[in-house]
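*Asks:* Fold the following and give me the result.
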Amino acid sequence: MSVNDELLIKEIRRGNLKVYESVFHSQYSYLVKVAQRIVYSKAEGEDIVQGMFIDLWENHEKFQINESLQGYLVNTVKNRCLNHLRSIQIKDKNELLFLDAILMADKDIWHEDVEMRESVRKALEQLPAQMLAIFKKKYLEDHSIYQIAELLKISESTVKVQLFRARTKLRNILARAAHSLFC
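*Replies:* Predicted coordinates for the structure are as follows:
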């Protein structure tokens, strides 16, 4: 954590409204974009981010983090987005939004939800070996399509096709698991 982050956190914890507002204004639009990518709605993303900032202010005395301030805010927003998707009892085609959010979420979120992690692990085991390798490099190791193609000595189009097929297969597999979670 940077010295600047430590000072910001200390001031927020002390109840310094100007510092809190500064963090809000500097991070708000970025955090809304993060939320919007997960919940597919700008309005809901704004609500989630605003709620997170309200909770932060209401509990500022207890504000403790061990990572960068922005990292903490991003992870908190992502977790709230996933919780929001769970809370609205996603059905039918909307289950795919939840599954897409799981696939696009940071791997840290997977570690916090044992049931989700287990469902994803089982689904991944059902993918063919090369498809699994490509999927892991893209979503778990954060490689670009170009990097994956270079590493595996295959074309970028092959990588794109395999990623598309992997997401489709995972959606189908996880849709059955999600159905049991929501019903």
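*Asks:* in what helix or strand does the closest residue to Thr158 other than its chain neighbours lie?
*Replies:* Once flanking residues are discounted, Thr158 sits nearest to Ala149: 7.3 Å by C-beta to C-beta, 6 or more residues apart in numbering. Yep, even glycine has a C-beta here, placed from its N, CA and C like the rest. Element membership for Ala149, per DSSP states H and E: helix 145-152.
*Asks:* which SS state does Lys10 fall under?
*Replies:* helix (DSSP: H, G, I helix; E, B strand; the rest coil).
*Asks:* burial count for it?
*Replies:* By other C-beta atoms under 10 Å, 12 other residues sit near Lys10.
*Asks:* my read: Lys169 touches Leu127, true?
*Replies:* Yes: between Lys169 and Leu127 there is a contact under C-beta atoms under 8 Å: 6.2 Å.
*Asks:* And the residue nearest to Thr158, what's its pLDDT?
*Replies:* On the pLDDT scale, Ala149 is placed at 91.
*Asks:* show me the contacts for it.
*Replies:* Ser155, Glu156, Thr158, Val159 (C-beta atoms under 8 Å, 6 or more residues apart in numbering).
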